[in-house]
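Trainee: here is my input; please provide its structure:
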Amino acid sequence: MQQRTIGPRSVSAIGLGGMPMSIEGRPDEARSIATIHAALDAGVTLIDTADAYHLTAHDVGHNEELIARALGSYGGGTSDVLVATKGGHLRPGDGSWTQDGRPEYLKEAVKASARRLGVEAIGLYQFHRPDPHVPYAESVGAIRDLLDEGVIELAGISNANVAQIDLANEILGGRLVSVQNQFSPAFRSSLDELEHCAALGIAFLPWSPLGGIARAGAVGRRHTAFQRVADARGVSPQQVALAWELALAPVVIPIPGASRPESIIDSVQAVELELSADELESLSGAEELAA
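Mentor: As a prediction, this is how the structure comes out:
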């Protein structure tokens, strides 16, 4: 598969988002593991997770543990797989989300994530979401300390604006390697951050690159320009959406969520889809239809 870089690491141009395997509507474990194995078979070497990807307050870290089991049971090599996890965004178990960006909390959360993943050092750790009650510099300072101590190998941030990207990179001494923000045909307000990352050479990881769990299957219906290109090319509109994102900048690495092998197998084929300049212009100007 086509490769891109996150810091010094080479990874697949399409990653796998693990969230759908662990929240509401999640499949049974056998299907989830089959999905992860299918991704690995297809050449995926970036898997995204978080300690907050779980269903109830009693299964925090469900997705991290699931990924660890899937990697452990895979028949092929996994030494080149980069698992990216996140901390600082919590789900109490009632469907809501909260933040905790206190340095002391993040440092404990990292250790718990490492135990669940079964690793001594986490490959890529990202501060999940700014906490309005904690100065951003203090939260990122904890990530810097973890990086300096070797508890994590690479450092990133998520749900950040341009100013926060620059501040984090400064605090990390130029070692910020990734920014994970929401971006899709339906959600383009992170384009400034994407372009800023491209200028700095920092990987930009769109989360929900197909519009989210509820919208991923309706990309073609909601965005007719994507469906037209898909029909002309004989591919899915989801592939077109991912190929469009990949074409925006060489630092973009979409991480579509999947809970079925068929979904991730379709997604990875986007790396081979080269869109024309006219197609890209049409897609970039396309608007979402009303629901």
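Trainee: how about the helices in the stretch 151-291 of the chain?
Mentor: Using DSSP state H, counting those that start in this stretch, the helices of the stretch 151-291 of the chain run over 162-171, 191-200, 219-222, 224-233, 237-248, 261-268, 277-284.
Trainee: now do the buried residues in the longest one.
Mentor: In this case it means helix 237-248. 237, 238, 239, 240, 241, 242, 243, 244, 245, 246, 247, 248 (16 or more other C-beta atoms under 10 Å). Where you see a C-beta, it was placed from the backbone N, CA and C, and this is true even at glycine.
Trainee: for residue 19, list the residues it contacts.
Mentor: 48, 49, 50, 53, 63, 213, 257 (C-beta atoms under 8 Å, 6 or more residues apart in numbering).
Trainee: the strands in the chain, which residues?
Mentor: 3-6, 9-12, 16-17, 46-48, 82-87, 89-90, 98-99, 122-127, 152-158, 176-182, 203-207 (DSSP state E).
Trainee: out of those, which comes closest to residue 267?
Mentor: Counting by C-beta to C-beta, residue 267 lies closest to strand 16-17 out of the strands of the chain; the figure is 8.3 Å.
Trainee: could you name the helices and strands sitting against that closest one?
Mentor: The criterion is 3 or more C-beta pairs under 8 Å, 6 or more residues apart in numbering; DSSP states H and E, and the helices and strands that strand 16-17 contacts are helix 29-41, strand 46-48.
Trainee: now do the shortest one: everything it contacts.
Mentor: The set of residues that contact strand 46-48 without belonging to it, under C-beta under 8 Å, 6+ apart, is 6, 11-12, 14-19, 36, 39, 67, 81-85, 180, 205, 207, 253, 255.
Trainee: ok, residue 138 to residue 105 distance?
Mentor: In this view, residue 138 and residue 105 are 11 Å apart by C-beta to C-beta, to the nearest Å.
Trainee: hmm, residue 185 is touching residue 285, no?
Mentor: No. Assessed by C-beta atoms under 8 Å, residue 185 is found out of contact with residue 285, at 11.2 Å.
Trainee: who has more neighbours, the two?
Mentor: Neighbours were counted for residue 185 and for residue 285 using other C-beta atoms under 10 Å; residue 185 has more, 24 against 8.
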